[in-house]
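My questions are about this predicted structure, shown below with the sequence.
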Amino acid sequence: MSRTSDASNAVVNACEQVLDLYGVQHTREQSRVVMVEGVAGRTRPMYFGKWVDDFGNVHCSGRADLLARPRISVSTAMPGCFERMSVPLWIECKSGKGTLSPDQRAFRAWVTENGDQYMLVHDDVRPLIAWLESHRVKKEPKRIIHSEPMTTGALDDLPCKHCGGKKLTDHTGTIFACKSSVKASALGKVWSPKLTTTSSKGK
């Protein structure tokens, strides 16, 4: 895997961590081509994530990396009252000098014309956090098991499962990468808090 792929995957992983902390359902959606063995031993391409635009053109690439389904708060007819509804948010992740390909630009136009939300995250997860906050998405991580509700500060202090107990502020850059001084197996990783705790009963 190339350094560019490693960096892009780190951005995807960082976005997934943010979505997990906000309790947002999400799936990986990017297009892929896999060579498989066909008739008489000949190899042929198999496409995953194909989509067809409004003009009937078949695209074998261009889908965003992630599809999130945040539950946002929207105003109701009654002043000061809100209700929560799920909206599709497509997230494309880039690193370095990466830009959208023609198929990715076509996919963005296709989903936004349908009313979906689309975001390009480029080496910085803060725009994703800002989007979630501006749409009043509650920070309610479903995978954390604690006896008491946790504050944002308490969440940030959870140890990283990749680099030996280091908290969020011990990580570097806008994607909260594990520092290079940690063991080699953690290189290319981003802050991934241990989202469960062991019960202390009986101790």
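Structure received.

Contacts for stretch 50-60, please.
For stretch 50-60, the external contacting residues (Cβ atoms under 8 Å, 6 or more residues apart in numbering) are 31, 33, 47, 49, 62-63, 103, 106-107, 110, 113. (Glycine included, C-beta is placed from N, CA and C.)

and these, which are buried?
For the contacts of stretch 50-60, a neighbour count by 16 or more other Cβ atoms under 10 Å gives the buried set as 31, 49, 62-63, 103, 106-107, 110.

mind checking the longest helix of this protein?
helix 3-21 (DSSP state H).

Would you list the phi and psi of the closest residue to Ser192 other than its chain neighbours?
The shortest distance from Ser192 to any non-neighbouring residue, by Cβ to Cβ, 6 or more residues apart in numbering, is to Lys161 (5.2 Å). Main-chain torsions, Lys161, degrees, to the nearest 10: phi -80, psi -10.

Lys161: neighbour count?
14 (other Cβ atoms under 10 Å).

The residue sitting furthest away from the middle of the chain: what secondary structure?
Distance to the chain centre peaks in the chain at Ala40, reaching 40.5 Å (criterion: Cα atoms, centre = their mean). Classification of Ala40 using DSSP: H, G, I helix; E, B strand; the rest coil returns helix.

Thr99 versus that one, what's the distance?
Here the criterion is Cβ to Cβ, to the nearest Å. By it, Ala40 lies 40 Å from Thr99.

do the same with Ile129
23 Å.

Which one's more surrounded, those two?
Ile129 (16 against 10).

Quick check: the more buried one is in a helix.
Yes: counting by three-state DSSP, Ile129 is part of a helix.

If you drop the residues flanking it in sequence, what lies closest to it?
According to Cβ to Cβ, 6+ apart, the nearest residue to Ile129 is Val18 (5.9 Å).

What count of nearby residues applies to that neighbour?
Using other Cβ under 10 Å: Val18 sits among 22 other residues.

Confirm for me that Leu19 is in contact with His26.
Yes: Leu19 is within contact range of His26, at 4.8 Å (criterion: Cβ atoms under 8 Å).

Quickly list what's touching both of the two.
66, 68.

The two: who's more crowded?
Set Leu19 next to His26 and count neighbours by other Cβ under 10 Å: Leu19 wins out with 23 against 19.

In contact with that one, which residues?
26, 66, 68, 70, 128.

all helices in the protein, in order from the N-terminus.
Under DSSP H, the chain gives helices at 3-21, 102-113, 126-134, 152-156.

any idea which of those helices is most buried?
helix 3-21 (a mean of 19; mean count of other Cβ atoms under 10 Å).

the inter-axis angle of that helix versus helix 126-134?
Here helix 3-21 points in a direction 20 degrees away from that of helix 126-134 (axes from the mean of the first three to the mean of the last three Cα atoms, to 10 degrees).

Point out where this protein drops to low pLDDT.
Along the chain, segments meeting pLDDT under 70 span 1-7, 32-33, 47, 80, 142-152, 180-188, 195-203.
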